[in-house]
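>>> 3D, please:
(2 chains)
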Amino acid sequence: MARSDVYIVRTGTANVASVAAAMTRLNMNPCMTSDASEVSTSPLLILPGVGTLAAAMAGMRERDLIVPLRDRLEKGMPTLAICLGMQLFCEESEESPDVKGLGLIGSRIDRFPDEVRVPQLGWNRIDPDPSCRMLLPGHCYFANSYRLQRPVAGWATAMSDYGGPFVAGMEKGAVLACQFHPELSGELGLRIIGRWLELSMRYHAEGGISC
Amino acid sequence: MLTTRIIPCLDVRDGRVVKGVKFQGLRDAGSPSELAAEYELQGADEIAILDVSATIEGRGAQLATVRAVRAQVALPLTIGGGVHDISRAESLLEAGADKVSINTAAVERADLIDEMSSRFGCQCTVLAIDAARNAKGFFEVVTRSGSVRTGIDAVAWAREAAQRGAGEILLTSWDRDGTRAGYDLELIRAIVGAVKLPIIASGGAANADHMVMAVRAGASALLAASIFHFGEYSVATLKQELATKGMEMRI
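Predicted coordinates:
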């Protein structure tokens, strides 16, 4: 089978080498893009994210990626958002109070409480609800200071706990958003990405109708 | 609940692992990527690679090492050694590092912490502190592989680094490193009490009990080299033992 291309969005702030390496291990062909039409139309898109919400939104605005990305996500096209990539779905974040996120979901992102060491760096257990088709239970690697506290209606959700419950991952159709780094979460992480790839292939085989 | 991370550390010079490693079944025990892959199989939570090259050629090999290890393991990679400026940190991140650790260069120019943190985020910015007890009764920061005593109070330095945007502290006891006498628990407690960042304890571990004590002193992660390299423990057997002693482990 020919290796399929997976496009990884370069927002200018993200370290994408680990994501690209994970794709290669899964026998995919990782391509970097900061091109609006590729972001709109590529069959498989990854939105990585390291850095601040403000820097990532500014990087995407500069490259005219905000509208195509939002459209793509609203249509439910296969997209994997990682860490800050997931936080970009939200309306706003305590991290960058003057900047709006993509607003795909109405939520706000907050900092972890003072009782825990921040950033959260390490492996935490995630528990997917029974409707999840990609997220799997087990330990995943997190590197974050901010988090989404409550599940969002319409999304299947995996929860974790660090100074209180938070959303570890959420999925709808072929869109998967992970607060953790599946590309750094060992075998389990690669299996989760593999399930996203499978579901995405099925989405395309069925003519792009969200399943 | 967040588990305690077990981080095997590879000392690498000119692209080769320098400390003797006695594993069965490795084709090339001096290859960082083979060793890292073996540690991943054993259940390591993260891999640290410290470059101890003294030459420019050796530093060039560091990037090739990071790329080779990145291709092999789906674990977080922390890379340190010889990082003096932001462009070097960026090269390492582009090669596949997830976190970059800085030490002497940050002591000599503390703004490097702010620069790295604002450019790459605090979760990429690890400050390594090597500390030794001194005659005046405080923990003193040492640099240049222990050859320079700076007179700086390690506790104050940790606080400053946290304010400047460090995301994690890799804390090595220079008195205990290589002694197998256990971690310096007083040092761990002093730094853990001073900052709200995760602390990686390093230096002196010879057995699981030493590690339990470090976690009770507040360490979030444990870095070790020789106990794995010499085959006394595999990462898997160590984590099993720590779990039976009540530590939260990813197994």
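
>>> count of residues packed around the one residue in the stretch 151-251 of chain B that gets nearest to chain A?
Nearest residue of the stretch 151-251 of chain B to chain A, counting by Cβ to the nearest Cβ: B:Arg250, 4.1 Å away. Glycine gets a C-beta too; all of them are placed from N, C-alpha and C. By other Cβ atoms under 10 Å in any protein chain shown, 24 other residues sit near B:Arg250.

>>> Find me the pLDDT at it, would you?
pLDDT recorded at B:Arg250 is 97.

>>> Where does pLDDT dip in the chain?
Reading this off chain A. Under the criterion pLDDT under 70, the flagged ranges of chain A are A:1-2, A:12-14, A:50, A:209-211.

>>> that's the other chain; I wanted chain B
Checking chain B against pLDDT under 70 turns up B:19-27, B:54.

>>> again, 80 this time
B:19-29, B:53-59, B:145, B:229-231 (pLDDT under 80).

>>> Get me the contact residues on it for chain A.
Counting by Cβ under 8 Å from any Cβ of the partner chain, chain B comes close to chain A at B:1-5, B:40, B:45, B:70-71, B:74-77, B:93-98, B:120-124, B:167-168, B:196-198, B:220-221, B:250.

>>> Can you select the buried ones among those for me in ChimeraX?
Buried subset of those, written as a ChimeraX selection, criterion 16 or more other Cβ atoms under 10 Å in any protein chain shown:
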select /B:2,3,4,5,40,45,70,74,75,76,77,93,95,96,97,98,120,121,122,123,124,167,168,197,198,220,221,250
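
>>> Take the residues of chain B next to chain A and keep only those in helices.
Mapping the residues of chain B next to chain A onto helices (DSSP state H) picks out B:Glu40, B:Arg70, B:Ala71, B:Leu93, B:Glu94, B:Ala95, B:Phe120.

>>> Kindly tell me how buried the closest residue to the third one other than its chain neighbours is, as a neighbour count.
If I follow you right, that is B:Ala71. Computed as Cβ to Cβ, 6 or more residues apart in numbering or on different chains, the closest residue to B:Ala71 that is not its neighbour in sequence is A:Ala21, at 5.6 Å. When neighbours are defined as other Cβ under 10 Å, A:Ala21 has 21 of them.

>>> Show me what whichever strand or helix holds B:Leu10 is packed against.
Assigned by DSSP states H and E, B:Leu10 falls within strand B:5-13. Applying 3 or more Cβ pairs under 8 Å, 6 or more residues apart in numbering or on different chains; DSSP states H and E, we find strand B:5-13 packed against strand A:120-128, helix B:32-42, strand B:47-51, helix B:56-72, strand B:199-202, strand B:221-224, helix B:235-244.

>>> what's the closest of the ones you listed to A:Gln179?
strand A:120-128 (8.8 Å; Cβ to Cβ).

>>> distance between the closest one and the chain's centre?
Between the centre of strand A:120-128 and the centre of its chain there are 15 Å (Cα atoms, centre = their mean, to the nearest Å).

>>> So what are the sheet partners of it and their directions?
strand A:138-144 (antiparallel), strand A:156-161 (antiparallel) (DSSP bridges).

>>> which of the ones you listed sits most buried?
Across these, averaging neighbours per residue (mean count of other Cβ atoms under 10 Å in any protein chain shown) puts strand A:138-144 on top, at a mean of 24.

>>> continuing past that strand, what's the next helix or strand?
strand A:146-147.

>>> can you list the residues that contact that next one?
Strand A:146-147 has contacts (Cβ atoms under 8 Å, 6 or more residues apart in numbering or on different chains) with A:87, A:93-95, A:109-112, A:120, A:162, A:166-167, A:179.

>>> can you tell me the helix or strand for B:Ser53?
Per DSSP H and E, there is no helix or strand for B:Ser53.

>>> which residues does it contact?
B:Val12, B:Arg13, B:Asp14, B:Arg59, B:Ala61, B:Gln62, B:Gly81, B:Gly82.

>>> How about B:Ala201?
With Cβ under 8 Å, 6+ apart, B:Ala201 has these contacts: B:Leu171, B:Tyr183, B:Ile188, B:Ala214, B:Ala217, B:Ala219, B:Ala221, B:Leu222, B:Leu223.

>>> What is the nearest of the residues you listed to A:Arg61?
B:Ala221 (36.8 Å).

>>> and that closest one, bridged to which residues?
As for beta bridges, B:Ala221 partners with B:Arg5, B:Ile200 under DSSP bridges.

>>> what's the distance between it and B:Val215?
Per Cβ to Cβ, to the nearest Å, B:Ala221 is found 9 Å from B:Val215.

>>> where do the contact lists of the two overlap?
B:Thr4.

>>> Could you list the buried residues of stretch B:213-227?
Buried residues in stretch B:213-227 (16+ other Cβ under 10 Å): B:213-215, B:217-227.

>>> Outside of that stretch itself, list whatever touches it.
Against stretch B:213-227 from outside (Cβ under 8 Å, 6+ apart): A:117, A:121-122, B:2, B:4-11, B:19, B:45-46, B:48, B:170-171, B:178, B:180, B:182-183, B:185, B:188-189, B:192-193, B:198-202, B:205-207, B:211, B:233, B:238, B:247.

>>> Kindly report the same for stretch A:18-28.
Contacts of stretch A:18-28 (Cβ under 8 Å, 6+ apart): A:3-6, A:8, A:29-30, A:32, A:44, A:46, A:48, A:82, A:181-184, A:189-190, A:193-194, A:197, B:70-71, B:74, B:77, B:96, B:98.

>>> Pull the contacting residues for the residue nearest to the spatial centre of chain A.
Nearest residue to the geometric centre of chain A (Cα atoms, centre = their mean): A:Ala81, 1.7 Å. For A:Ala81, the contacting residues are A:Ile46, A:Leu47, A:Gly49, A:Leu88, A:Phe89, A:Val175, A:Leu176, A:Ala177, A:Cys178, by Cβ under 8 Å, 6+ apart.

>>> filter those to the buried ones?
For the contacts of A:Ala81, buried by 16+ other Cβ under 10 Å: A:Ile46, A:Leu47, A:Gly49, A:Leu88, A:Phe89, A:Val175, A:Leu176, A:Ala177, A:Cys178.

>>> What parts of chain A come near chain B?
Counting by Cβ under 8 Å from any Cβ, the residues of chain A near chain B are A:13, A:15, A:17-18, A:21-22, A:24-25, A:50-52, A:114, A:117-125, A:139, A:141-145, A:161-162, A:181, A:183-187, A:189-190.

>>> how close does the residue of the stretch 151-251 of chain B closest to chain A sit to A:Gly189?
From B:Arg250 to A:Gly189 the distance is 12 Å (Cβ to Cβ).
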